[in-house]
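Student: prediction below, plus the sequence it came from.
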Amino acid sequence: MNKVKTRNFLILVHLYLAAFLAPSFLLVGATGSLYLLDADRPVQETPIELAKDVALNPNSPSIKADVEKVLSESGVPLEFEYIRSRGNSFMTRPTTRTYAQFEKTENGWTATLREPGMLYSLIELHKGHGPTAFRYFQILAGIALLLVVIGGLIVGLLSKAYRGKTIVASLAGTGIFAVVAFIA
């Protein structure tokens, strides 16, 4: 392919990927900004009554089945995909919808049913705490974003009219990124 055909092909790929993934890019940009701005992310919490003798081991290979049994015995019909544990606490995932959080205390285990609001759910999606299928979609969207950015740079560099502007903008962006990320 010659330069013009290559550039036109890259422009089309850039356009289609950007347009197809625009909702994902908007979600990530908006929720990332709101998270960093510490926007209010309400979560309604309801204590779950557990039997006194509940014994859970977050490292057990049967933890998912154990938690399902404990929740069922407590009258909490909760569907979840997997468990995320951190030391003496763990939670069911995804956390984009109603989930349970368990904590080990001196008196045994406590549990809380957490019902996230819309913003909390969207930020959890951003952080990769959503359903497994969405996590795989996010991986593909991340790869596509890299292709969109790299493709845009290549298109800018292939065009004589935009080459200088692309180089200046790229160097400026790199410089500001480096200063803000590593020096400031």
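Tutor: Good, I have the coordinates.
Student: let me see the residues that make contact with the helix-or-strand element of the chain with minimal mean pLDDT.
Tutor: Ranking every helix and strand in the chain by mean pLDDT, DSSP states H and E puts helix 3-20 at the bottom, with a mean of 85. The set of residues external to helix 3-20 that reach it, using Cβ atoms under 8 Å, 6 or more residues apart in numbering, is 1, 25, 144, 147-148, 151-152, 154-155, 158-159. C-beta coordinates here come from the backbone N, C-alpha and C atoms, glycine included.
Student: give the helix, strand or coil label for Asp40.
Tutor: Remark: Asp40 carries the secondary structure label coil [criterion: DSSP: H, G, I helix; E, B strand; the rest coil].
Student: the nearest residue to it once chain neighbours are set aside and Val70, how far apart?
Tutor: In this structure, Asp40 finds its nearest non-sequential neighbour in Leu119, 7.4 Å apart by Cβ to Cβ, 6 or more residues apart in numbering. Here Leu119 is placed at a distance of 30 Å from Val70 (Cβ to Cβ, to the nearest Å).
Student: got it, and Leu140?
Tutor: Leu140 sits 35 Å away from Val70 when distances are taken as Cβ to Cβ.
Student: picking that back up, and the next helix or strand past the least confident helix or strand of the chain?
Tutor: Helices and strands here follow DSSP states H and E; after helix 3-20, the next one along the chain is helix 22-36.
Student: helices or strands next to that following helix in the packing?
Tutor: With contacts taken as 3 or more Cβ pairs under 8 Å, 6 or more residues apart in numbering; DSSP states H and E, helix 22-36 sits against helix 118-126, helix 132-158.
Student: which strands and helices sit next to the helix or strand following it?
Tutor: Moving toward the C-terminus from helix 22-36, the next helix or strand (DSSP H and E) is strand 43-48. Under the contact definition 3+ Cβ pairs under 8 Å, 6+ apart, strand 43-48 sits against strand 108-116.
Student: among Leu140 and Val70, which residue is more densely surrounded?
Tutor: Neighbours were counted for Leu140 and for Val70 using other Cβ atoms under 10 Å; Val70 has more, 20 against 11.
Student: could you chop the protein up by domain?
Tutor: Structural domains assigned to the chain are 3-38+124-183, 43-116, following automatic domain parsing.
Student: count the neighbours of the residue nearest to Asp40 for me.
Tutor: The tally of other residues near Leu119 (other Cβ under 10 Å) stands at 16.
Student: where's it relative to Ala100, distance?
Tutor: Per Cβ to Cβ, Leu119 is found 21 Å from Ala100.
Student: SS state for His129?
Tutor: His129 falls in the coil class when you classify it by three-state DSSP.
Student: tell me the pLDDT of it.
Tutor: Listed pLDDT for His129 reads 92.
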